[in-house]
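1. fold the following.
(one chain, ligands or ions: 1)
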Amino acid sequence: MPPEQLLDPEAHASDTAHLVWRLMREHDPVHWQPATELPPFWSLTRYEDIRAVYRDPRTFSSAQGVLLRPERLGDDPGGGLTLALTDPPRHKQMRSLVADRFSTRAVRGLRDYLRATARTLIERAIERGSCDFAHDIAGRLSLHAICRIMGIPEADHENLHVWTNEAFHAHASLITHPRLMEYFAQFLSATADRPADDLVGDLVHGTVDGEPLTEEELLLNWENIMGATENGRLALIGGMLAFLEHPDQWRRLGEDRSLLPGAVEEVLRWTSSATHSMRTATRPHTIRGRRIEAGERVVLWLPSANRDEAVFREPYRFDISRNPNHHIALASGEHFCIGSTLARSEMSILFSELLDMVRTIEPDGPVTRLRSIAVNGPEALPVRVTAR
Ligand code: HEM
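-> All right, here's what the predicted structure looks like:
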């Protein structure tokens, strides 16, 4: 099981990646990966090392990109410009532009909308008797939620669902999708002329270092936030699949709803839908005796951290009452996922509505898994449902 296997998207569509990470944690936790089509990089697989890198943004910069990309594609266009791809002190200013929209208070204000949306989607699935949980329920719920936060009119949500799906399926960046870009450019220019009480308004009318964001920065930040919701969608689908594969845990949750917050954390740990984050060293640094030079890339494998046997008891067991459960599926430190409260709410609302409305939910055909080294989870999850 050589570490190079991690570069093969196929390895992340099966248990192979976990087998490789397990060996790396034990024998080679700070591994040097020579250049391939991808640039060379250090691979970190232990929880403690990954958490330490996240918490040291001065040594480990995000501004050169946070995801591996083939060298021939050049630098990430968002480098130094988007929320995820900036360092302190600029990062703090960027984050404060939009932080209120994702606060506990803001998400609480969205709960009725999320619940009503989840109920409508589940009702439709019940009427038909079956659905693709990925596309028809999880994808729609997470898309409606982010569109609502952005201030996108309800009538346009379905188009955005179609276009973002097309981009996700093609593993393409959202800004390469012509219809999406056209839509968003128009939406931005309309927002410039109105006082908007929504996330897009905050971006358009906000300033960083006293300057408004350029049109390029606006588009890239919009893409950053839209694209990040794919993680939320995958966590919802991966969570449902985990319950289908562990029906005893689904039954336990149905019998005792006080387990729901813990179940959400275990789903986040178990699915770890963000597969890696990348950083670039700004100065030399030594981890476990291996010297990382300035300019070298460091890749943090999150699903590996979340199965680290030094931190989690029986890490390969899906246990909704796991306690403690200090997973880092949502990262740690300055770049801690800004959508964390939203993602947790979507999950707890969707699972509790399903438990209320559905008597049985069962697999209804083959599950297809994403082939990607950046995000992981089921791409299609056909299920049969019956009403309670
Ligand atoms: C509701 C959906 C979500 C939204 C809107 C969202 C949004 C974001 C944004 C904008 C950032 C950048 C924050 C910053 O740089 O300050 C971020 C970071 C991150 N998010 Fe999320 N997220 C969502 C769900 C998730 C989920 C479910 C996961 C994984 C289970 C996840 C994992 C991460 C990670 C690992 C980072 C750190 C990336 C890095 O800096 O390398 N996110 N998220």
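
2. so which residues on the stretch 51-200 of the chain come close to the ligand?
-> Within reach of the ligand by CB under 6 Å from any ligand atom, the stretch 51-200 of the chain has these residues: 62, 66, 83-84, 95, 146. C-beta coordinates here come from the backbone N, C-alpha and C atoms, glycine included.

3. of the residues you listed, which belong to helices?
-> Secondary structure defined by DSSP state H assigns 95, 146 of those to helices.

4. reformat the residues of the stretch 51-200 of the chain next to the ligand as a markdown table; add pLDDT and neighbour count.
-> Compiled in a markdown table, these are given as follows (pLDDT from 0 to 100; neighbours: other CB atoms under 10 Å):
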| residue | pLDDT | neighbour count |
| --- | --- | --- |
| 62 | 98 | 26 |
| 66 | 98 | 25 |
| 83 | 97 | 23 |
| 84 | 98 | 26 |
| 95 | 97 | 18 |
| 146 | 97 | 23 |
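
5. among the residues of the stretch 51-200 of the chain next to the ligand, which one lies nearest to residue 42?
-> Set against residue 42, the nearest of these by CB to CB is residue 66 (14.7 Å).

6. that closest one contacts residue 85, correct?
-> Yes - with contact defined as CB atoms under 8 Å, residue 66 and residue 85 form a contacting pair (6.2 Å).

7. which residues are common contacts for those two?
-> residue 76 (CB atoms under 8 Å, 6 or more residues apart in numbering).

8. how about the helices in the stretch 201-350 of the chain?
-> 215-245, 247-255, 260-271, 302-305, 340-357 (DSSP state H, counting those that start in this stretch).

9. centroid-nearest residue for the protein?
-> In the chain, the centroid-proximal residue (CA atoms, centre = their mean) is residue 231; its distance is 2.3 Å.

10. in this protein, what residue lies closest to the ligand?
-> Residue nearest to the ligand within the chain: residue 339 (2.2 Å; CB to the nearest ligand atom).

11. OK, contacts around that residue?
-> Residue 339 touches 102, 225, 228-229, 231-232, counting by CB under 8 Å, 6+ apart.

12. need the max-distance pair from the residues you listed.
-> 102 and 231 (13.6 Å).

13. now residue 144: closest residue in space, sequence neighbours ignored.
-> residue 117 (5.0 Å; CB to CB, 6 or more residues apart in numbering).

14. and that neighbour, what helix or strand is that in?
-> In this structure, residue 117 sits in helix 104-128 according to DSSP states H and E.

15. residues from the stretch 201-350 of the chain in reach of the ligand?
-> 224-225, 228-229, 231-232, 235, 268, 273-274, 277, 329-331, 335, 337-339, 342-343.

16. could you report the pLDDT at the spatially closest residue to residue 184 that is not a sequence neighbour?
-> Counting by CB to CB, 6+ apart, residue 222 is the residue found nearest to residue 184 once chain neighbours are left out, at 5.9 Å. pLDDT, residue 222: 93.

17. which elements pack onto the lowest-mean-pLDDT helix or strand in the chain?
-> Lowest mean confidence among the helices and strands of the chain (mean pLDDT, DSSP states H and E): helix 178-192, at a mean of 90. Contact here means 3 or more CB pairs under 8 Å, 6 or more residues apart in numbering; DSSP states H and E; on that basis helix 178-192 packs against helix 154-169, helix 199-205, helix 215-245.
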